[in-house]
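let's see this in three dimensions:
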Amino acid sequence: MKKSFTLCAFLILLSSVVLAQENTKPYEGFQGCGEYLAAGTVHSSVKTGYMLVINEQTRSEYNFRIPIMEEPKFAPYMDKPLKASVLITKPIDGTRGEIEKVIKVEHRIPNPLHPVFDTGFRLIKKVKCKK
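As a prediction, this is how the structure comes out:
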């Protein structure tokens, strides 16, 4: 009885460690045009409209303009941590770019134990850039 309980506890612990490691997988950074999972924050201003900000307040901060037709998808997440699947089809200009399409947006719970892995880009599918 005690051996089966110990084995069960070990398996539960092992599965939680594996899941925790997947959630701390580092973001790779921008790798050209494609579909991305982006983790950051959305801010709005009269001058720029809605902007998805990645790696905020760091030397590697990216700012992506969100098209007016896609802004309603981000309204509930304004100034809050989020994850979004987005399509970027134009080359970026340094650290500024434009999102063409928003596929999915959801809340993100910041991880204070792994701040390096907390925001960034993860390429889902590469696509050819438009001019």
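
count the residues that sit near the closest residue to Gly34 other than its chain neighbours.
The shortest distance from Gly34 to any non-neighbouring residue, by Cβ to Cβ, 6 or more residues apart in numbering, is to Lys126 (4.3 Å). The way it works is simple: take the backbone N, C-alpha and C, and place the C-beta from them, glycine included. Per other Cβ atoms under 10 Å, the neighbour tally for Lys126 reads 12.

and what of Tyr62?
23.

how about Pro76?
Pro76, neighbours per other Cβ under 10 Å, totals 11.

and it, that's in a strand?
No - Pro76 is assigned helix when assessed by DSSP: H, G, I helix; E, B strand; the rest coil, not a strand.

begin at 131, not 1, for the rest of this chat.
Done: numbering now begins at 131, and the last item shifts to Pro206.

and after the helix or strand of the chain with the lowest mean pLDDT, which helix or strand comes next?
Every helix and strand of the chain was ranked by mean pLDDT, DSSP states H and E. The lowest is helix 132-153, at a mean of 52. Sequence order places strand 164-175 as the next helix or strand after helix 132-153, per DSSP states H and E.

ok, back up a step: residues contacting the residue nearest to Gly164?
Gln161, Gly162, Cys163, Gly164 (Cβ atoms under 8 Å, 6 or more residues apart in numbering).

of those, buried ones?
Cys163, Gly164 (16 or more other Cβ atoms under 10 Å).
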